[in-house]
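> Would you be able to build a 3D model of this:
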Amino acid sequence: MNSQSGNNQSLRPILVGIAGGSCAGKTTLASEVAKRLAPHPVSAIQFDSYYRDLSHLPLPERHRQNFDCLEILEWELLRDHLRELHAGRPVRVPVYDYRVHNRSAETREVSPAPVVMVEGILLFAVPALVELLDLRVFLDAAADVRLARRIERDIRARGRTKESVIAQYLATVQPMHDRLVEPSKKFAALIVYRGGLDEEAIGRVVGEIKRLLEVTNGY
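Numbers count the residues shown, from 1 in each chain. Predicted coordinates:
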């Protein structure tokens with residue numbers, strides 16, 4: 001899946017939102033769908049990239065933040081970026097550093113493509129984002145599966161300990177899932193129950209995107 005593609009002012013990108021709980025398989029699904037959409041280019045954005053800048057806080061205090069609530073995410077900037085991409089214009093997306101819980105000094109360019117995939121836990125919990133999406137897909141995975149995947153990912157990729165991952169999960173991740181993520185499932189057009197590698201689900205998503213491409217852009 002490419003983060004960049006050629007700019008085309010006549011292009012009307014299809015915006016595909018993929019939501020669901022932490023480690024439900026959103027990135028895997030997005031990647032598998034992108035492979036099957038070839039040769040159509042696909043650009044990708046993660047809602048996690050839009051965590052607000054926390055430079056004003058010392059590192060120990062950043063660790064204590066609730067990263068599973070809407071207040072911690074600069075959803076307004078993501079909304080503006082989606083509008084720009086929808087209009088056929090490239091955007092500069094923040095780059096987030098999970099090890100220090102803060103944005104880095106870098107940004108990355110995301111250009112409009114026939115398909116733009118946006119993924120995030122709280123994506124469907126923001127009405128202003130929901131209304132911009134042409135297709136909304138929700139991954140519904142069991143809590144114990146998501147926790148096991150999160151422990152493995154955070155230890156391997158983010159330098160966390162098992163104890164810290166579990167503590168965060170119990171304190172904020174699962175409570176916010178119950179409060180914000182699960183209710184947002186009602187906005188999905190497609191719900192995937194067997195993970196991001198489920199061939200039937202991938203086929204359904206790809207088929208719907210191709211239908212939207214035909215209707216919108218004639219191919």
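
> For Ile166, pull up the helix or strand it's in.
Per DSSP states H and E, Ile166 falls inside helix 162-168.

> Tell me the pLDDT of the residue nearest to the spatial centre of the chain.
Closest residue to the average C-alpha location of the chain: Glu119 at 1.7 Å, with CA atoms, centre = their mean. Per-residue confidence (pLDDT) for Glu119: 97.

> OK, contacts around the closest residue to Pro183 other than its chain neighbours?
Among residues not flanking Pro183 along the chain, Ala125 sits closest, at 7.7 Å (CB to CB, 6 or more residues apart in numbering). (C-beta placed from N, C-alpha, C; glycine too.) Contact analysis of Ala125 by CB atoms under 8 Å, 6 or more residues apart in numbering lists Leu70, Leu180, Val181, Pro183, Ser184.

> hmm, try it at 7 Å
Ala125 is in contact with Leu70, Leu180, Val181, Ser184, counting by CB atoms under 7 Å, 6 or more residues apart in numbering.

> ok, now how distant is it from Asp68?
As judged by CB to CB, to the nearest Å, Ala125 and Asp68 stand 10 Å apart.

> Figure out how far the lengthiest helix in the chain is from the centre of its chain.
As assigned by DSSP state H, the longest helix anywhere in the chain is helix 199-217. Averaging C-alpha positions (CA atoms, centre = their mean, to the nearest Å) puts helix 199-217 18 Å from its chain's average.

> so for it, what's the average pLDDT?
92.
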